[in-house]
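[1] Sequence and predicted structure below; questions after.
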Amino acid sequence: MQKLLELAKKEYSAKKRFTALFFEAIFFLVILPFLLVWLGGIVDRWLHLPGLSAGVFNLLLGVPVIFAGWLFAIWSIYVQFTIGRGTPIPVMATQELIIQPPYSYTRNPMALGAILMYTGVCILVGSIGSFLLVVMGAAALLTYIHRFEEQEMVLRFGDPYLEYRRQIPFFIPRFKK
């Protein structure tokens, strides 16, 4: 934890942060969805799970869910990059505590966006196995965030983060009036 805290203090140039985000985008927007579909197909066959293909319904539901998740994730990354002067990558952490939208709706908008996006992929391809992988991945991600990232945030930002944490839900957004 101490090494991560030391790395988080370093501020990187916008060019370095953008380069890191470019490679991260390739992984999360191309490689991971491909693996999700491929491994989900293997799980479907291994567990003899039926496909959930409902023709155009998969397209009409899956694409908007993918798009909504993508928008939420991109919005949170943009705010991290501009206001927080950081990235989602722990070694290029934000330099400021971000409490502006979408972080005023949920403490983890990027995780919410990613989980929605990958759920949309599952709907699009009609794979129960892919959905099981998303559920397991989401559980692991949210456990990691809760146990480690939140501890790091307390150490980095102290009382302002503790107050933010008391007011803003962990994962399920609360949209204020």
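    Structure received. Numbers count the residues shown, from 1 in each chain.

[2] give the contact list for residue 90.
    Contact criterion CB atoms under 8 Å, 6 or more residues apart in numbering gives 4, 7, 8, 149, 152 as the residues in contact with residue 90. C-beta: built from backbone N, CA, C; applies to glycine.

[3] Let's see if you can find the most crowded of those.
    residue 8 (19 neighbours; other CB atoms under 10 Å).

[4] show me the contacts for that one.
    If a contact means CB under 8 Å, 6+ apart, then residue 8 has 90, 91, 93, 152, 156 as its contacts.

[5] Turn the residues you listed into TSV, including secondary structure, distance to residue 69 and pLDDT.
    Output for those, formatted as TSV (DSSP: H, G, I helix; E, B strand; the rest coil; distance: CB to CB, whole Å; pLDDT from 0 to 100):
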residue	secondary structure	distance to residue 69	pLDDT
90	helix	21	83
91	helix	25	83
93	coil	23	91
152	helix	25	92
156	helix	27	92
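
[6] Summarise which helices and strands the longest helix along the chain is packed against.
    The single longest helix within the chain, with elements called by DSSP state H, is helix 56-82. The contact analysis (3 or more CB pairs under 8 Å, 6 or more residues apart in numbering; DSSP states H and E) places helix 56-82 against helix 14-26, helix 109-125.

[7] quick one: average pLDDT of that helix?
    Averaged across helix 56-82, pLDDT comes to 96.

[8] now, which of the contacts of residue 90 sits nearest residue 35?
    Using CB to CB, the shortest approach to residue 35 within the contacts of residue 90 belongs to residue 149, at 23.2 Å.

[9] For the closest one, which non-adjacent residue is closest in space?
    Residue nearest to residue 149 in three dimensions, not counting chain neighbours: residue 90, with 7.8 Å by CB to CB, 6 or more residues apart in numbering.

[10] With residue 62 instead?
    Using CB to CB, 6+ apart and skipping the chain neighbours, the partner closest in space to residue 62 is residue 124 (3.1 Å).

[11] Spatially central, which residue of the protein would that be?
    Relative to the mean C-alpha position of the chain, the nearest C-alpha, by CA atoms, centre = their mean, is the one of residue 111, at 2.5 Å.

[12] gap between it and residue 77?
    The spacing between residue 111 and residue 77, counted by CB to CB, to the nearest Å, is 12 Å.
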